[in-house]
Every structure is written in C-alpha cells, then in structure tokens.
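Trainee: Requesting a structural model of the entry that follows:
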Amino acid sequence: MLPGSTPSSPTWLPTWRANDSAPTAVAYQEFDNLKKQSDEQLARWSGIVNTDLANFENLMQQEKVRALFVTQAAPGSRGPAK
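Mentor: Residues are numbered from 1 along each chain as shown. Here you go, the predicted model:
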C-alpha cells in the first residue's frame, strides 16, 4: 500500500494528487478550441431540430402519414429496438 492511502482508497489516488497541477496555457487553448467546435455543432443540431425536424413533422401531418412504431426486434437482429 502506498504511503497516505488507506485500504479503501485507490492506490493511484496519492500519486494523482501529488502530480495535480493547474492546466497549461496550451491546455486552455485546446479547451477553447474544442468548446468552440462543440458550440458550433450544437448550434447546427439545434437548427436541425427546430427547423428541419419541425418541417418534416408538419409534412407528415399534412400528408396524413402515420408514425411507425417498432415494438419487437426484427428476426436476426441482436436485440429489441430502442
């Protein structure tokens, strides 16, 4: 057992705490870059949900197309539909 650890604590915890430090400038830059990318993707998804999906649902109603519900797995599939 490592010094400072107890039988119930993970053995890596004291080492992890000893090496814990503030993020570097490069890490902050990468975080900002990834956050910008994810924000752009979320905005695109929001646009799809709010316009494309809504338009599709309206078209389905106008054309009186009924929804399709799958309640059992297809023969040969790995499991029930989710």
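
Trainee: buried ones in the helix or strand harbouring V26?
Mentor: Using DSSP states H and E, V26 sits within helix 25-47. By 16 or more other C-beta atoms under 10 Å, helix 25-47 has no buried positions at all. The way it works is simple: take the backbone N, C-alpha and C, and place the C-beta from them, glycine included.

Trainee: what's the distance between it and the middle of its chain?
Mentor: 13 Å (C-alpha atoms, centre = their mean, to the nearest Å).

Trainee: same deal with stretch 62-69?
Mentor: 30 Å.

Trainee: Could you do stretch 23-30 as well?
Mentor: Centroid separation for stretch 23-30 versus its chain: 22 Å, with C-alpha atoms, centre = their mean.

Trainee: Keeping just the C-alphas, turn that stretch into PDB.
Mentor: Extracted in PDB, the C-alpha atoms of stretch 23-30 (Å, rounded to 0.1, in the frame of the first residue of the first chain):
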ATOM      1  CA  PRO A  23      -3.800  23.400 -16.700                       C
ATOM      2  CA  THR A  24      -1.200  24.900 -19.000                       C
ATOM      3  CA  ALA A  25      -1.800  27.700 -21.500                       C
ATOM      4  CA  VAL A  26      -1.800  25.100 -24.300                       C
ATOM      5  CA  ALA A  27      -4.500  23.100 -22.400                       C
ATOM      6  CA  TYR A  28      -6.600  26.200 -22.100                       C
ATOM      7  CA  GLN A  29      -6.200  27.000 -25.800                       C
ATOM      8  CA  GLU A  30      -7.200  23.400 -26.700                       C
END
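
Trainee: Show me what it is in contact with.
Mentor: Applying C-beta atoms under 8 Å, 6 or more residues apart in numbering, the contact partners of stretch 23-30 are F31.
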